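J.: Predicted model and sequence below, questions to follow.
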Amino acid sequence: MQHLTLNNGVTMPALGFGVFQTPPDITEQAVTSALETGYRLIDTAAAYANEREVGNAIRNSGLARDEVFIETKVWISDYGYDKTLHAFEKSAGKLGVDTIDLFILHQALPGRFDLTTEAYRALEALLADGKVRAIGVSNFMPDHLDALLKQATVVPAVNQVEVHPYFTQPAVQAANAAHGILTQAWSPIGGITSYRGTGTSTFDDPAITAIATAHGRTPAQIMLRWHLQEGRNAIPKSVRPQRIAENFDVFDFQLTPAELEAIDALDTGTRGGPEPEAITLEAFGRDIPEA
């Protein structure tokens, strides 16, 4: 496993396992399979409603707590200083841990950025108190980062955003790099192009499949290798043990500079997820249960 060093000196695995849209009754089994395969970074979120099952799998794995890097996210409904402090307690309780390794804001709230900054101030307090080891954001665009950094005392360690060969967000990646923020890719193999796309998915792209054939690998493995070689963290998801294992088997080959450039050139500029500017409490707010 390769590791990446965050801007506060904390190290995290370069490849993680995500559980977005994984039903609670399947999550524990999927995370167990991932841990048995060798994954040591698990990414979840309060809004996924499966933190408890993630915690169960980690606790029952036989691994020491410090062997697994746990990342979760605060949902927008829990923004605001006191509410975000309580959001930590809810997430930590469901996960069954005292300390969360990486705690991040799930979205910016452009229309209520005051709540966003208050939520981030709570993250800074949790970091100072040793309840979290690193803090960050998700789906923040460059203007969101600029607005946050005008008031923040701690630069986010991570910005988790949609990045795959069809949507590389170069401006966001450049802004992250300029501030020393690690880009973490969600939907890193372009799964969103399969279940929300209207055209070719990344898995069927001729350029990617040609590179996969040349290396005797799957398209997913090629895309994950692309992320790793370009310095990003990636968190693929699956519920199938064979696919979970295949996605982890990406540390023993190299893509050439020409192959990396060919994948970079596939960017369409078309976002698969919701527009960050469209995130509002009215449209996306939901209560996060206490337990």
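T.: That came through, no problem.

J.: contacts, neighbours, all on C-alpha from now
T.: Noted.

J.: How many residues are close by residue 269?
T.: 12 (other C-alpha atoms under 10 Å).

J.: For the nearest residue to it once chain neighbours are set aside, name its beta-bridge partners.
T.: Nearest residue to residue 269, sequence neighbours excluded (C-alpha to C-alpha, 6 or more residues apart in numbering): residue 167, at 5.3 Å. On the basis of DSSP bridges, residue 167 is bridged to residue 164.

J.: hang on, residue 167 packs against residue 268?
T.: Yes. At 6.0 Å, residue 167 counts as touching residue 268 under the criterion of C-alpha atoms under 8 Å.

J.: isn't residue 173 right up against residue 183?
T.: Yes. Using C-alpha under 8 Å, residue 173 is in contact with residue 183, at 6.3 Å.

J.: Pick out whichever of residue 167 and residue 268 has more residues nearby.
T.: Higher neighbour count among residue 167 and residue 268: residue 167, with 19 against 11, using other C-alpha under 10 Å.

J.: Might you report the residue contacts of that one?
T.: 267-271 (C-alpha atoms under 8 Å, 6 or more residues apart in numbering).

J.: just residue 245 next, same as before
T.: Residue 245 is in contact with 34, 37, counting by C-alpha under 8 Å, 6+ apart.

J.: Now for the closest residue to residue 259 other than its chain neighbours, how many residues are close by?
T.: For residue 259, ignoring the flanking residues on the chain, the nearest one in space by C-alpha to C-alpha, 6+ apart is residue 211 at 7.1 Å. Residue 211 has 21 neighbours, counted by other C-alpha under 10 Å.

J.: Now do residue 211 against residue 244, distance only.
T.: 21 Å (C-alpha to C-alpha, to the nearest Å).

J.: So which residues of the stretch 151-291 of the chain form strands?
T.: All strands of the stretch 151-291 of the chain, identified by DSSP state E, counting those that start in this stretch, fall at 158-162, 182-186, 233-234.

J.: So which elements touch the second one?
T.: What that stands for is strand 182-186. Packing contacts for strand 182-186, counted by 3 or more C-alpha pairs under 8 Å, 6 or more residues apart in numbering; DSSP states H and E, involve strand 158-162, helix 170-178, strand 233-234.

J.: which one of the ones you listed is the most hemmed in?
T.: For those, average neighbour numbers computed from mean count of other C-alpha atoms under 10 Å are highest in strand 233-234, which has a mean of 26.

J.: contacts for it?
T.: Contact with strand 233-234 is made by 4, 13-16, 182-186, 188, 224, 227-228, as judged by C-alpha under 8 Å, 6+ apart.

J.: and if you look at stretch 175-183?
T.: By C-alpha under 8 Å, 6+ apart, stretch 175-183 touches 6-7, 142, 155-161, 173, 232-233.

J.: That stretch - what's its average pLDDT?
T.: Here stretch 175-183 scores 98 as its mean pLDDT.

J.: Now find how far off-centre it is within its chain.
T.: Counting by C-alpha atoms, centre = their mean, to the nearest Å, stretch 175-183 is centred 15 Å from the centre of its parent chain.

J.: And residue 17, its phi and psi?
T.: Note on residue 17: its backbone torsions stand at phi -130, psi 130 [degrees, to the nearest 10].

J.: Test my guess that it contacts residue 33.
T.: No. Counting by C-alpha under 8 Å, residue 17 stays clear of residue 33, with 10.3 Å between them.

J.: Have a look at those two and say which one is more surrounded.
T.: Comparing residue 17 with residue 33 by other C-alpha under 10 Å, the one with more neighbours is residue 17, at 23 against 20.
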